[in-house]
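Asker: got a structure for you, letters missing:
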């Protein structure tokens, strides 16, 4: 085979901190792995949502509320911010969850313009039943991590997600300005 026409993959990074031996192979592997991991986690969450008889977005909202509602509930804005979605998205899914009897809302005594959301007793029962499965899945999903590695990974993923959101906002600029 004639090697003179072989394609030479260009570097996709310039930061030396991300290069190993002068190339970006480790970064490319990380991106492929993260993409595959996210897909597998989404598959698992889809199965969990089915068990609760809700959609994946509704599952996310219910589990967030179950963990964080406390005695008073959470506002739509708080849920949206925590899940990194829009308030309109949370409002739409909330209506469906209320119709299914899985969520309740009541006026926010501190702000008459908003409501507080809480899971219903039925949603609590379903989540409690699912919790044994979640424990087994999560224990297995993160089986190779030490406490220190888990803490570092959690922080790095959080920081990288913030970087990703900033990068996504700038993506049109990057796409329109392709020169280095």
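Answerer: Noted; the coordinates are in hand. A quick note: this is a predicted structure, and the numbers were derived from the prediction, not measured.
Asker: all strands for this protein, in order.
Answerer: For the chain, the strands defined by DSSP state E cover 74-75, 103-107, 115-119.
Asker: residue 12 is nearest to which of these?
Answerer: strand 74-75 (39.5 Å; Cβ to Cβ). Yep, even glycine has a C-beta here, placed from its N, CA and C like the rest.
Asker: any idea how far residue 126 is from the nearest residue to residue 130 once chain neighbours are set aside?
Answerer: Here the nearest residue to residue 130 in space, its sequence neighbours aside, is residue 51; by Cβ to Cβ, 6 or more residues apart in numbering that works out to 5.4 Å. With distances taken as Cβ to Cβ, to the nearest Å, residue 51 is found 8 Å from residue 126.
Asker: ok, those two, which is more surrounded?
Answerer: Using other Cβ atoms under 10 Å, the more surrounded residue of residue 51 and residue 126 is residue 126, with 19 against 14.
Asker: the more buried one is in contact with residue 50, isn't it?
Answerer: No. Applying Cβ atoms under 8 Å as the test, residue 126 and residue 50 come out as separate, 11.4 Å apart.
Asker: not counting residues beside it along the chain, what's closest to residue 42?
Answerer: Per Cβ to Cβ, 6+ apart, closest to residue 42 is residue 56, 7.3 Å.
Asker: so how far is residue 79 from residue 56?
Answerer: In terms of Cβ to Cβ, residue 56 sits 15 Å off from residue 79.
Asker: so between these two, which is more surrounded?
Answerer: Neighbour totals were compared for residue 56 and residue 79, and residue 79 leads with 24 against 14 (other Cβ under 10 Å).
Asker: contact partners for the more buried one?
Answerer: Contacts for residue 79 (Cβ atoms under 8 Å, 6 or more residues apart in numbering) come out as 61, 64, 65, 90, 117.
Asker: re the thing from before, so for residue 158, which of the strands of the chain sits nearest?
Answerer: Using Cβ to Cβ, those put strand 74-75 closest to residue 158, at 19.6 Å.
Asker: burial of residue 120, as a residue count?
Answerer: The burial count assigned to residue 120 is 16, neighbours taken as other Cβ under 10 Å.
Asker: from here on, count from 42
Answerer: All right, first residue 42 from here; so that's residue 161.
Asker: what sits against it?
Answerer: 142, 143, 144, 145.
Asker: okay, the strands of the chain in TSV with mean neighbour count and distance to residue 84 next?
Answerer: Putting those into TSV (neighbours: other Cβ atoms under 10 Å; distance: least, Cβ to Cβ, whole Å) gives the following:
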stretch	mean neighbour count	distance to residue 84
strand 115-116	22	27
strand 144-148	16	25
strand 156-160	21	24
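Asker: nearest to residue 65, out of these?
Answerer: strand 115-116 (41.1 Å).
Asker: mind listing what the closest one pairs with, with the direction of each?
Answerer: strand 156-160 (antiparallel) (DSSP bridges).
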